[in-house]
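Asker: Next one to model:
(2 chains)
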Amino acid sequence: MKEIVIKADGLTKKFGDFIATNAISFQVEKGEIFGFLGANGAGKTTAMRMLCGLSIPSSGKATVAGFDVYKETEHIKQNIGYMSQKFSLYEDLTVKENIRFYAGIYGMSRTSIKEKMTALLAQLQMTAEENTLVKALPLGWKQKLAFSVAILHEPKIVFLDEPTGGVDPVTRREFWNLIYEAAANGITVFVTTHYMDEAEYCDRVSIMVDGVIEALDTPGNLKTIFNAASMDDVFLQLARGAKRTAD
Amino acid sequence: MNAVTVNNIIKTYGTKKETVKALDDISFDVKPGELFGIIGPDGAGKTSLFRILTTLLLAEGGTATVDGFDVVKDYKQIRNRVGYMPGKFSLYQDLTVEENLEFFATIFNTSIEANYDLIKDIYIQIEPFKERRAGKLSGGMKQKLALCCALIHRPSVLFLDEPTTGVDAVSRKEFWEMLKGLKKQGITILVSTPYMDEAAMCDRVALMQSGKIMSINTPENIIKEFKKRIWAVRSQEMYRLLTDLKKYSNTESCNSFGEFHHLVLKDEGQGEEPVLNYLKEQQHKNIIIKTTEPNIEDCFMQLMQKN
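Answerer: Below is the predicted model:
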């Protein structure tokens, strides 16, 4: 039996009369790459905020890394990593300063920061750039650095919110190689994307429509169930029926 | 006369010590009525180019015209006849849907009624919310309103800067349907996007990377320019397959493309047989290997390597 690291059971969030996330239930295993798809306004961000301990659910149950999303949000935050395309690194800090800053926030010791930093810079082949301001780095490098920083403290789960938006096709693929490596090292990856080819790279994919998880399976099974040639096709079949357009 | 001409445009940012060439000697033309796509990732120079063409930014070198008018000398004429939808939502959040549209119509000395036929198909989708403030609209509705506002003075050339970025696959498809409708009305459209698959929706595209245009052509011809064969390969373990194929001595390039990896061989003479044998030696199971058509992303990556 594989270890379950995310467990949601009837997880719901209401804003007034509006049910942003409507009783979603699913489980994610350790080391799994879990694709969390849905049209704009389907309720993905709301669900993700609850799982990250940033928003208290209206009802339902969920644990992340074994911690309760109502009562143990601080423990959740210590055990997860987070990265999005919109917010990742501090542009006005150097590469080194960013690493030290994030590692410090996650409470890593000075010696372990030092060791990790050297190893990380070597792995990313960025040792020569350690004193470069992040804003001067090409976008592809920034994204890779941001991901590595998000998992520097060896979290159990890393949440990636559209990590590859606007990135060139080569870097996009290099980025996914980092995801595979992280997953192979036992880090669970929870990722949202608008690129349907990337849905194929996930072990399992859930598709949200109007606050509900309409489908959840491996990409292969989803294509069979929906008699679709590609994940793009599966997504279109499901999301076309959406009533909501809110962001 | 071309709707847009761009000749050797150069734009740099930064200080003397650290300069970034946002646009590095760019030239192209757009024909009247054409749907022309600028395809490239963030940092390619798409927004700088659009800002120069809409007279909001001055280039350091080169010349450009829109509708026959010079972007520097004749900026007033250009501003009267182009529509521009920036990447960032730039309407008045505190005005309602209808007020925004009326505001833009008035600025251009026209009225909603005069040009209603042009925006009708798009506007009816947001009309039920015309009393709502723009700031309270959903992403998709904001986008439709911004497009209406950019169209209300019946521009001859429409500039759309990344209208589909961050938009889900369904809404992206709908947006391109709207553009096709506008094209039928004779409006020249320049649209930029980081989504390579959207190239197929354009008459012609310019593939941009780091301030340079790598190729300009119809989407079909860009694909034809990809001279080598591509094999689509899959097996039970996709990530190990990728690393194994990258290690293979006859591999020129191997990239993941959804369900399959796309493999290009240095020497294609012996076909897929040796590859298949190599993969069997590596204990791969359920191997599928077949030739496939390249897509724009294959072409873009090949061009990136050449440059």
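Asker: Is chain A within reach of the lengthiest helix in chain B?
Answerer: Using DSSP state H to define each element, chain B has its longest helix at helix B:169-184. Yes: Helix B:169-184 reaches chain A (CB under 8 Å from any CB of the partner chain) through B:169-173. Placement of C-beta: from N, CA and C, glycine included.
Asker: got those residues as CSV, with pLDDT columns?
Answerer: Output for the residues of helix B:169-184 next to chain A, formatted as CSV (pLDDT from 0 to 100):
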residue, pLDDT
B:Ala169, 84
B:Val170, 85
B:Ser171, 85
B:Arg172, 88
B:Lys173, 89
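Asker: so can I have TSV of the residues you listed showing distance to A:Gly38 and neighbour count?
Answerer: Below are the residues of helix B:169-184 next to chain A laid out as TSV (distance: CB to CB, whole Å; neighbours: other CB atoms under 10 Å in any protein chain shown):
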residue	distance to A:Gly38	neighbour count
B:Ala169	10	23
B:Val170	10	20
B:Ser171	12	23
B:Arg172	14	20
B:Lys173	16	17
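Asker: and for the longest helix of chain B, what are the contacting residues?
Answerer: Residues external to helix B:169-184 that are found in contact with it (CB atoms under 8 Å, 6 or more residues apart in numbering or on different chains): A:39-40, A:194, A:196, A:232, A:235-236, A:239-240, A:242, A:245, B:33, B:35, B:118, B:121-122, B:139-140, B:143-144, B:147, B:151, B:158, B:160, B:163-164, B:167, B:189, B:191, B:195, B:198, B:201.
Asker: Determine the next helix or strand in the C-terminal direction from it.
Answerer: Counting by DSSP states H and E, the next helix or strand C-terminal to helix B:169-184 is strand B:188-193.
Asker: Let me know the angle separating that next one from helix B:169-184.
Answerer: Comparing the axes of strand B:188-193 and helix B:169-184 via axes from the mean of the first three to the mean of the last three CA atoms, to 10 degrees yields an angle of 160 degrees.
Asker: Does chain A have contacts with whichever helix or strand comes after strand B:188-193?
Answerer: In the C-terminal direction, the helix or strand that comes right after strand B:188-193 (DSSP H and E) is strand B:204-209. Yes: residues of strand B:204-209 contacting chain A under CB under 8 Å from any CB: B:Gln209.
Asker: contacts for strand B:204-209?
Answerer: A:168, B:28, B:30, B:34, B:36-41, B:44-46, B:199, B:213-219, B:222, B:296, B:299-300, B:303-304, B:307.
Asker: Number of residues surrounding residue 88?
Answerer: Assuming you mean chain A. Around A:Ser88 there are 20 other residues, counting by other CB atoms under 10 Å in any protein chain shown.
Asker: not what I meant, chain B
Answerer: 9.
Asker: That one in helix, strand or coil?
Answerer: coil (DSSP: H, G, I helix; E, B strand; the rest coil).
Asker: May I have stretch A:187-200 exported as PDB, CA atoms only?
Answerer: Only the C-alpha atoms of stretch A:187-200 are listed here, as PDB (Å, rounded to 0.1, in the frame of the first residue of the first chain):
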ATOM      1  CA  ILE A 187       8.500  14.400  -3.800                       C
ATOM      2  CA  THR A 188       4.800  14.500  -4.700                       C
ATOM      3  CA  VAL A 189       4.100  17.000  -7.500                       C
ATOM      4  CA  PHE A 190       0.700  18.700  -7.700                       C
ATOM      5  CA  VAL A 191       0.700  20.700 -10.900                       C
ATOM      6  CA  THR A 192      -1.800  22.900 -12.900                       C
ATOM      7  CA  THR A 193      -1.200  23.700 -16.500                       C
ATOM      8  CA  HIS A 194      -3.000  25.000 -19.600                       C
ATOM      9  CA  TYR A 195      -0.700  23.000 -21.900                       C
ATOM     10  CA  MET A 196      -2.600  19.800 -22.700                       C
ATOM     11  CA  ASP A 197       0.600  17.900 -23.800                       C
ATOM     12  CA  GLU A 198       1.800  18.400 -20.300                       C
ATOM     13  CA  ALA A 199      -1.300  16.600 -19.000                       C
ATOM     14  CA  GLU A 200       0.200  13.500 -20.700                       C
END
